[in-house]
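Enquirer: model the following, please.
(one chain, ligands or ions: 1)
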Amino acid sequence: MEFVLYEQRGAVGIITINREKALNALNSAVLDELDKTLDNVNQEEVRCLILTGAGQKSFVAGADIGEMSSLTKKEGEAFGKKGNDVFRKLETFPIPVIAAINGFALGGGCEISMSCDIRICSENAVFGQPEVGLGITPGFGGTQRLARIVGVGKAKEMIYGARNIKADEAYRIGLVNNVYPIEELMPAAEKLAGTIAKNAPIAVRNSKKAINEGLDVGMDEAIVIEEKLFGDCFESYDQKEGMTAFIEKRKVEAFLNK
Ligand code: CAA
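Expert: Next comes the predicted model:
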């Protein structure tokens, strides 16, 4: 692929948006390649994904402004759908995804990071939804996910004002879980991914599904979603091994994803 690199390191898959000359901006080709990359992840072997951008300056500087500049209303809507479909695939991907945000995360860049399960960033990261300054709304989920993550008031302030924020503010408002010097970002992402990958895969996947699906419904329905996914873990090899290891006061030998 030209714009998306994929590397599997043991149980961790690393996806890199690789369009450094345009600060990893998302054009249609990048979105198509990202979609294909997700389809090709070996879900038997990989237990956590990391998403990052090529270089040390930008994670993703947004949707491609050149490509968008001449779109009609209909084409604009279709481009929004294209991004939304890929980002939703990422958000609902069975395996957790960590965004390792290595610089600018603007517009579609902030939006793609918000479709990931966990966000960590480098000290030079800048977040924002600058779209209203370009005459458009955020179009790859920003109006929805930013408000859910940082709260309605803060999201409206950032979106209406097209106000970018630096890593320390992103940390303070809960947009990222941690901030690292740039050279420590990928090692930290890999360490976190490794920790997740060591745990029982079915339980991790079911936890992701329970959290995501539960947030979209009322509490009465949400706890039923949890009950079903909790129940689904029982009778699995990994549940038996995890609990037997505890009872026998020994370490888990291995979780086998079954
Ligand atoms: N689309 C297309 N090209 C982009 C881009 C984008 N979003 N962001 C950067 N680039 C390109 C620049 O055009 C430039 O290309 P050339 O060298 O061919 O001129 C190259 O990347 C380097 O960028 P700059 O020279 O501008 O680098 P800088 O360090 O001076 O500035 C920046 C960096 C502040 C991130 C600036 O590039 C910028 O403001 N980019 C646009 C950010 C933005 O507005 N993103 C939101 C897009 S709209 C969107 O995402 C809609 C949506 O919700 C779906």
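Enquirer: would you mark the buried spots in stretch 209-218?
Expert: By neighbour count on 16 or more other Cβ atoms under 10 Å, the buried set for stretch 209-218 is K209, A210, E213, G214. In short, each C-beta sits where N, CA and C put it, glycine included.
Enquirer: not counting its own residues, what contacts that stretch?
Expert: Stretch 209-218 has contacts (Cβ atoms under 8 Å, 6 or more residues apart in numbering) with E91, T92, P94, R148, E221, A222, I223, I225, E226, L229, F230.
Enquirer: again, 10 Å this time
Expert: Here stretch 209-218 makes contact (Cβ atoms under 10 Å, 6 or more residues apart in numbering) with 91-92, 94, 117, 148, 221-230, 232.
Enquirer: in helices, which of the residues you listed fall?
Expert: Within the contacts of stretch 209-218, residues falling in helices by DSSP state H are 91, 148, 221-230, 232.
Enquirer: make a ChimeraX selection of the buried ones in the residues you listed.
Expert: Buried residues among the ones in helices among the contacts of stretch 209-218 (16+ other Cβ under 10 Å), as a ChimeraX selection:
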select :91,222,225,226,229,232
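Enquirer: need the ones in helices among the contacts of stretch 209-218 in JSON lines (columns: pLDDT and distance to V4).
Expert: What follows is the ones in helices among the contacts of stretch 209-218, written out as JSON lines (pLDDT from 0 to 100; distance: Cβ to Cβ, whole Å):
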{"residue": "E91", "pLDDT": "98", "distance to V4": "17"}
{"residue": "R148", "pLDDT": "97", "distance to V4": "26"}
{"residue": "E221", "pLDDT": "98", "distance to V4": "36"}
{"residue": "A222", "pLDDT": "98", "distance to V4": "34"}
{"residue": "I223", "pLDDT": "98", "distance to V4": "38"}
{"residue": "V224", "pLDDT": "98", "distance to V4": "38"}
{"residue": "I225", "pLDDT": "98", "distance to V4": "32"}
{"residue": "E226", "pLDDT": "98", "distance to V4": "34"}
{"residue": "E227", "pLDDT": "98", "distance to V4": "38"}
{"residue": "K228", "pLDDT": "98", "distance to V4": "34"}
{"residue": "L229", "pLDDT": "98", "distance to V4": "31"}
{"residue": "F230", "pLDDT": "98", "distance to V4": "35"}
{"residue": "D232", "pLDDT": "98", "distance to V4": "32"}
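Enquirer: of the ones in helices among the contacts of stretch 209-218, which pair is most distant in space?
Expert: Across those, the longest distance by Cβ to Cβ is 25.7 Å; it joins R148 and D232.
Enquirer: quick one: name the residues of this structure near the ligand.
Expert: 22-23, 25, 61-66, 83, 104, 106-108, 111, 130-131, 134, 138-140, 142 (Cβ under 6 Å from any ligand atom).
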